[in-house]
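Trainee: sequence below, structure please.
(one chain, ligands or ions: 2)
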Amino acid sequence: MSLIDIQSPRHCFRTAAGPVWALDGVSLAIRAGEFVAVMGPSGSGKSTFMSILGCLDRPTEGRYRLAGVDVASLAADRLAALRNRGIDFVFQSFNLLPRATALENVGLPLIDRPMRASERRRCALAMLECLGLADRAGHMPSQLSGGQQQRVAIARALVGEPLVLLADEPTVALDSRTGGEILDLFRKFNAEGLTIVMVTHDAGVAARAGRTVTFRDGRVAPPNGAPHAFAPPNGAPHTFAPPNGAPHIFAPPNGAPPIVAIGEH
Ligand SMILES: Nc1ncnc2c1ncn2[C@@H]1O[C@H](COP(=O)(O)OP(=O)(O)O)[C@@H](O)[C@H]1O
Ligand SMILES: [Mg+2]
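Mentor: Ligands and ions are numbered 1, 2, ... in the order given. Next comes the predicted model:
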C-alpha cells in the first residue's frame with residue numbers, strides 16, 4: 001500500500017482577478033521509505049502540492065489518502081492529530097522561534113504529548129545530538145549559522161517521529177557545502193526508513209533523491225522520453241510514448257483537457 005496516494009487533485013485559489021488553478025489533475029503514489037524530489041518552474045504548483053500533502057490545505061477536488069486514511073473524511077480534531085503525529089515540515093527559511101533555545105525549539109512538537117518535561121527535554125536533546133548539535137542546545141537561533149539553524153529545524157521536524165518529512169526548498173538559503181550536508185542527513189534518515197518529499201529547483205540536489213517528479217502548470221510531467229499511460233477521451237487506455245524532447249503534456253486533439261496518469265516507478 002502506498003503511504004501517500006493522491007488521485008487527480010485539483011486546487012483552486014479564488015482571487016479578486018478570478019480563480020487560479022494551482023493544481024490541475026495530479027495523480028501520484030509514494031511508497032513508505034521513498035525519497036522523492038519535486039521539481040518544476042516557479043508557479044508550477046509545488047508548494048500548493050506540499051500544503052495538501054501536509055494537510056495544511058484540502059484539495060478543491062480529488063482524493064488524498066495518507067497511510068490509507070482518506071484525509072477529506074477526517075474531522076478537524078483527527079486531522080490536527082494526523083498533522084501533529086504523521087507529517088512534518090522543513091522550510092527554506094527555518095521558521096525557528098527566535099526567543100527560544102535550540103533545545104526548546106526542538107521540543108515544541110512534543111508539548112501536547114503526555115510526557116514529563118524531563119522526558120521531553122531528553123528526547124529533544126537526543127535528536128539534537130543525532131544532528132551533531134548537542135553542544136548548541138542552549139543557543140538562540142541568532143547565535144547559530146544557517147546550516148545549524150536548518151539542522152535544528154530538521155531535529156524539530158523529526159523529534160515526533162513523523163511518517164513523512166516534507167521539505168520545501170530546504171537547501172536554497174544555504175551555501176552548496178552546507179546544503180550538501182543537509183542532503184547527507186536526509187539520505188541517512190531515508191536509509192533508516194524515513195519517507196521524504198523534498199521540493200527543489202536544483203537538479204544536482206534532486207539527483208540525490210531516489211526519484212524525481214516534475215511539475216509543469218499544475219500537472220505532473222512524465223519523465224523525459226519515458227513511456228507513460230495515456231487514457232484517450234474515449235476511455236480505451238493505451239500506452240503513449242512521447243518522442244524524446246516532445247512536449248510533456250499530451251493534449252487530446254478534440255480540445256478536451258489533457259489527461260496524464262503517472263503510476264509508481
Ligand atoms: N494563496 C494564493 N492565492 C492565489 N494564488 C496562489 C496562492 N498560492 C499560490 N497561488 C498560485 O498558484 C500557482 C502555484 O503556486 P505555488 O504552488 O506556490 O507554485 P511553486 O511552489 O511551484 O512556485 C501560482 O500560479 C501561484 O500564483
Ligand atoms: Mg514554492
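Trainee: show me where the stretch 1-150 of the chain has strands.
Mentor: Secondary structure of the stretch 1-150 of the chain by DSSP state E, counting those that start in this stretch: the strands cover 4-15, 18-24, 28-30, 35-39, 61-66, 69-70, 87-91.
Trainee: from ligand 1, how far out is the closest residue to residue 1 other than its chain neighbours?
Mentor: For residue 1, the nearest residue in space outside its immediate sequence neighbours is residue 68; the separation is 6.0 Å by C-beta to C-beta, 6 or more residues apart in numbering. In this view, the C-beta of every residue, glycine as well, is placed from N, C-alpha and C. Taking C-beta to the nearest ligand atom, to the nearest Å as the criterion, residue 68 is separated from ligand 1 by 26 Å.
Trainee: ok, now how distant is residue 68 from residue 5?
Mentor: Distance of residue 68 to residue 5, given as C-beta to C-beta, to the nearest Å: 8 Å.
Trainee: neighbour count: the two, which is higher?
Mentor: The residue with more neighbours, out of residue 68 and residue 5 and counting by other C-beta atoms under 10 Å, is residue 5; that gives 19 against 9.
Trainee: find the residue closest to the more buried one in space, skipping its chain neighbours.
Mentor: Distance criterion C-beta to C-beta, 6+ apart; nearest residue to residue 5, sequence neighbours excluded, is residue 65 at 4.4 Å.
Trainee: might you report the residue contacts of the one you found?
Mentor: With contacts taken as C-beta atoms under 8 Å, 6 or more residues apart in numbering, residue 65 has the following neighbours: 2, 4, 5, 6, 71.
Trainee: farthest-apart pair in those residues, please.
Mentor: Of all pairs drawn from the contacts of residue 65, the greatest distance, 13.5 Å, lies between 2 and 71 (C-beta to C-beta).
Trainee: please name the nearest non-neighbouring residue to residue 25.
Mentor: By the measure of C-beta to C-beta, 6+ apart, the closest residue to residue 25 outside its immediate chain neighbours is residue 8, 5.0 Å from it.
Trainee: now stretch 63-71: mean pLDDT?
Mentor: Mean pLDDT, taken over the full extent of stretch 63-71, equals 91.
Trainee: is residue 211 in a bridge, and if so with what?
Mentor: Note on residue 211: beta-bridge partners residue 36, judged by DSSP bridges.
Trainee: the one 5 residues further on now?
Mentor: Using DSSP bridges, the beta-bridge partners of residue 216 come out as residue 219.
Trainee: bridged to whichever residue of the stretch 51-200 of the chain sits closest to ligand 1, which residues?
Mentor: Sorted by distance to ligand 1 under C-beta to the nearest ligand atom, the residues of the stretch 51-200 of the chain start with residue 199, at 6.8 Å. Partner residues in beta bridges with residue 199, using DSSP bridges, are residue 38, residue 168.
Trainee: residue contacts, it?
Mentor: By C-beta under 8 Å, 6+ apart, residue 199 lies in contact with 37, 38, 39, 46, 47, 50, 167, 168, 169.
Trainee: do that again at 6 Å, thanks
Mentor: When contacts are counted by C-beta atoms under 6 Å, 6 or more residues apart in numbering, residue 199 is found next to 38, 46, 168, 169.
Trainee: most neighbours out of the residues you listed, which is it?
Mentor: residue 38 (28 neighbours).
Trainee: how many neighbours does the nearest residue to residue 32 once chain neighbours are set aside have?
Mentor: Spatially, and ignoring its direct neighbours in sequence, residue 32 is nearest to residue 3 (4.3 Å; C-beta to C-beta, 6+ apart). Applying other C-beta under 10 Å, we find 19 other residues in the vicinity of residue 3.
Trainee: phi, psi of residue 3?
Mentor: With angles defined as degrees, to the nearest 10, residue 3 sits at phi -70, psi -40.
Trainee: contacting residues around it?
Mentor: Counted by C-beta under 6 Å, 6+ apart, residue 3 has contacts 30, 32, 67, 195.
Trainee: PyMOL command to pick out the buried ones of the residues you listed?
Mentor: Below is the selection syntax for PyMOL that covers the buried ones among the contacts of residue 3, with 16 or more other C-beta atoms under 10 Å defining burial:
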select buried, resi 30+67+195
